[in-house]
Each structure stands twice: as C-alpha cells, then as structure tokens.
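1. My questions are about this predicted structure, shown below with the sequence.
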Amino acid sequence: MADIYDLKQKLGLGDAGLAGLGHNIFTAPIEELVKWARRRSVMPATFGLACCAIEMMATGTAHYDMARYGMETFRASPRQADLMIVAGRVSQKMAPVLRQIYDQMMEPKWVISMGVCASSGGMFNNYAIVQGVDQIVPVDIYAPGCPPGPETLLHAILALHEKIRTGELTERRKSTGKGAGFELSHEHAPDAQPEPVIIRTGRR
Amino acid sequence: MGYLDGFKITFGKLFEERVTTEYPKEKREKPDRFHGRHVLNRYEDGMEKCIGCELCAGVCPAKCIYVRGADNPEEAPVSPGERYGFVYEINYLRCIHCDLCVEACPTEAITESKLFEFSFDNRSDAIYTKDELVVDDQGLPQKQPWELWHVGDDLKTSGWMRATASSGNPAYENRVGWSGELGYGVREPERGQQFDESEPQNLDGKDDQD
C-alpha cells in the first residue's frame, strides 16, 4: 500500500486520482482527444420553460440542424445529458426542480442560459421570477435575445464548444474559480467551509 | 412492399435539395425590419446624434438602458445640441429588442442593426458601453470580436424607425421610408412615401378597408 502511495507521490497524482495529474507532454494528446470527443457529442437535456423552448426546438429541425454538432436528440433523462439549455423564465417554484435536474446530470456537464429571462430575469423584474438562473446553477454561456433565434442559440453552442476546447479537462470550476461569471471570495473567512445547500422537494 | 415503403421515402429524399443552412458559414437572410443589436448613429460631420435626453431609458420595458447626459463642452462639442450622451449602456441580457427606444428617440440616434448572433460567458460582458455601440467613421456598426458578422448585417439599420415614426405627416403611417444614414445615404422609400394625388390620403388614421 505504501508503495502505491509512493508511486502516486512520484507521479504527482496525490490523493486526487487521475484528476491530480498535471499537464505534461504525455497527457496533452489525450487531453485533446477527450476534449474533441466531449465537444462533438454534447447531448442536451430538455429544459424548455417558455417561448425560448420553441426556438430551441427550431434549432433541432432540419433548417438549422443541431445534429451537425453531434447533439441531435434532446435527452429526456438528465442522466444521459451533458448540457442543460435553460430556455425560458425560471420561476421561484421551478428553481429547486431545475437544481435537482442539474444535480442528476453526470459530469462533465454544462449549462447554457438561453434568453434574457433565464439569464437575468429580463423584463420580468418581479417577485415570481428568478433574476438570473446563475443564482441556482453555474452557467457557462449566456445567449441574449427575447427569444434568441436558432442562430443565436447555435452561436452559444459554438461558443460552448470553444470553451470546452480551450478549458480545463478536470475540476473546471476550481480552475477558473467561478462558474457563472462571479468570483467567490473567502478572504474574510479563509478556513470556513461553505454550508451544504439542502434543497427540499417534499414536505419532509 | 410493406415495411420497405419507409426506406423508399428515405432513399428518395437523398436526391432532394437540402434545406439546412450551414450556420457559421452562411446565415438565413434577415427581414428588412429585423431587430438586432443597437447602434448609436452619428451625423455626416461625425457629431453624435444622441442628446442624452434619456427617453429611451424611460420607455424601455425591461429597464436595460442606462443613459446619463452631460453638457457639451464648448470647445469640442460631441453632439449638435446642448447636451450629449455622456454614459450610454445597454444590458443585452435584459434587452428584449422591442424597438421602443428606437421609436422614442427624437433624433434617430439609436437604431437597430441586423446582428443577432452573439453570446457571452459572463454577465458583465453583456453590458455594451457607448464606445462599442457608436458607429465608426464610415457609419458602420463596430464589429466586436465575439459577434458573428456576415456581409449585409450592417445594412438597413434604420428601417423600423421610419416605419413607425415617420417624422412629420402621420398620414404616412405604415409606409416605410429610410432615414438618411451615414455610410449609405438616403434610400428610396419602400412605397407611397411621395405625395400621390390619386391615392386616398387616409388622414384620420383608420385602415383603408373601414
């Protein structure tokens, strides 16, 4: 057992498993391969909430044909999906459901916030609508527009591909320190662990 | 043939024309009055049209525009009027492209281009400042590196403006003319903009069918 530990220390793996492997000349081609495979088969989960969902469906039709990027089917099960396209306004009641769907998705997973309502609340600046879905899930790409056309959504998907291509392979959130464009600062409480967020979905 | 009929249909479709737009390389043609990203226009002498009146910010239903006016410096005025738009910011994660700001603008300073293909990876990038919105010296919208511009997207940036708010005669409602635009000049009106004796004038604003 000690030998394995020494071997891990020699290789620089630490306790993090393969995720602790640094960048070197041997991992570079594999990283490129994995990134290529990831960005060429991003399977989206269906999360259409409002009128943006109509444009999201139009993106899958023959005229725009999302299948050109290896994402032909919207997976009805979050366990088979890599990408959640939050299309539409997220109400306060829908927020825990959305978070649960996100938690059920397998890593690696990405989120596109489609439309102004999902991105910032849009014109619905009121008590019923979550003012930006990035308060609930970490968002990778924001697509503006009300609703964004299929071309804007495809632009967002291409931007996501670029982000996958240039981004970190493992521990993506830790590498950038942010998931949704805002940085978390722990300078006032350096040793404090963040409280686990418990989302209740039932009465108990 | 039974179950082979389906294959026959599939095989026949192989030789039909493809309907898919190869998106990043080509775009579908946009309508003339399409609402896209805004531009802040300038006059032919380079002066900015915005006078900082904040009417666009007041009319915006999504409250996505932030304007602050300031007095023009006497030596180097920015706009022909007394004041100019000192700060002009549009948050594109709030903007719903309704064009009410374009209709409200008294000087046709703000219009919308045909550019709709842009996305951001954080929320602060979505706030366009005046430096990014104002047109360049040729009167063309500035092409930011994260936006996908194709040829023709910067044409006809003043279309919807003139369609709904023809300055002067309200009888010209619903008839599109183009305002003079830096870089393109004044275009021919769409139809009926010239005074025509034979045409009923429809001055009460009702539809012709009524």
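-> Cool, got the structure.

2. Show me which residues of chain A sit near chain B.
-> A:62-65, A:68, A:116, A:119-123, A:125, A:132, A:134, A:140-146, A:148-149, A:151-152, A:154-156, A:158-159, A:163, A:178, A:180-182 (CB under 8 Å from any CB of the partner chain). Backbone N, C-alpha and C define where each C-beta goes, glycine included.

3. Sticking with the residue in chain B that chain A sits nearest to, tell me its helix or strand.
-> Minimum separation of chain B from chain A (CB to the nearest CB) falls at residue B:122, amounting to 2.8 Å. Assigned by DSSP states H and E, residue B:122 belongs to no helix or strand.

4. before we move on, back to that, show me the residues of chain A next to chain B that map onto helices.
-> Counting by DSSP state H, the residues of chain A next to chain B place A:116, A:119-120, A:151-152, A:154-156, A:158-159, A:163 in helices.

5. Kindly report the residues of chain B close to chain A.
-> Within chain B, the positions adjacent to chain A are B:19-24, B:27-28, B:61-63, B:91-98, B:116-126, B:146, B:148 by CB under 8 Å from any CB.

6. if we go to 7 Å?
-> Neighbours of chain A within chain B, by CB under 7 Å from any CB of the partner chain: B:19-21, B:23-24, B:27, B:61-63, B:92-97, B:116-124, B:126, B:148.

7. Which of the residues you listed are buried? Put it as a PyMOL command.
-> Buried residues within the residues of chain B next to chain A, as defined by 16 or more other CB atoms under 10 Å in any protein chain shown, are selected in PyMOL through the command that follows:
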select buried, chain B and resi 21+23+27+62+92+93+94+95+96+97+116+117+118+119+120+121+123+126+148
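
8. show me what contacts residue 121?
-> Since you didn't name a chain, this refers to chain A. By CB atoms under 7 Å, 6 or more residues apart in numbering or on different chains, residue A:121 lies in contact with A:129-132.

9. The chain in question should be chain B.
-> Contacts of residue B:121 by CB under 7 Å, 6+ apart are A:140-141, A:159, A:163, A:181.

10. ditto for residue B:61
-> A:123, B:98, B:100.

11. So it, which state does it fall into?
-> When classified by DSSP: H, G, I helix; E, B strand; the rest coil, residue B:61 comes out as coil.

12. For residue A:7, see how far away the residue lying closest to residue B:116 once chain neighbours are set aside is.
-> For residue B:116, ignoring the flanking residues on the chain, the nearest one in space by CB to CB, 6 or more residues apart in numbering or on different chains is residue B:36 at 4.6 Å. Distance of residue B:36 to residue A:7, given as CB to CB, to the nearest Å: 58 Å.

13. quick one, which of these two is more surrounded?
-> residue B:36 (23 against 10; other CB atoms under 10 Å in any protein chain shown).

14. Test my guess that that one contacts residue B:118.
-> No - contact criterion CB atoms under 7 Å: residue B:36 and residue B:118 do not qualify, at 9.3 Å.

15. re earlier: and the residue nearest to residue B:116, how far from residue A:44?
-> From residue B:36 to residue A:44 the distance is 25 Å (CB to CB).

16. Could you do residue B:64 as well?
-> Noted for residue B:64: a distance of 27 Å to residue A:44, by CB to CB.

17. same deal with residue B:139?
-> Relative to residue A:44, and taking CB to CB, residue B:139 is found at 40 Å.

18. where's residue B:84, which helix or strand?
-> Per DSSP H and E, residue B:84 falls inside strand B:83-91.

19. Remind me what the helix or strand just after that strand packs against, helices and strands.
-> As assigned by DSSP H and E, the chain's next helix or strand after strand B:83-91 is helix B:100-104. Packing partners of helix B:100-104 (3 or more CB pairs under 7 Å, 6 or more residues apart in numbering or on different chains; DSSP states H and E): helix B:55-59, strand B:110-112, helix B:159-164.

20. Neighbouring strands - and their directions - for the second one?
-> The sheet places strand B:110-112 alongside strand B:38-40 (antiparallel), with pairing taken from DSSP bridges.

21. mean confidence score for the strand it pairs with?
-> Averaged across strand B:38-40, pLDDT comes to 89.

22. Mind listing what's buried along the strand holding residue B:84?
-> Under the neighbour-count criterion of 16+ other CB under 10 Å, strand B:83-91 has B:83-85, B:88-91 buried.

23. Next: stretch A:98-113.
-> Neighbour count says stretch A:98-113 has A:98-99, A:101-102, A:105, A:109-113 buried, by 16+ other CB under 10 Å.
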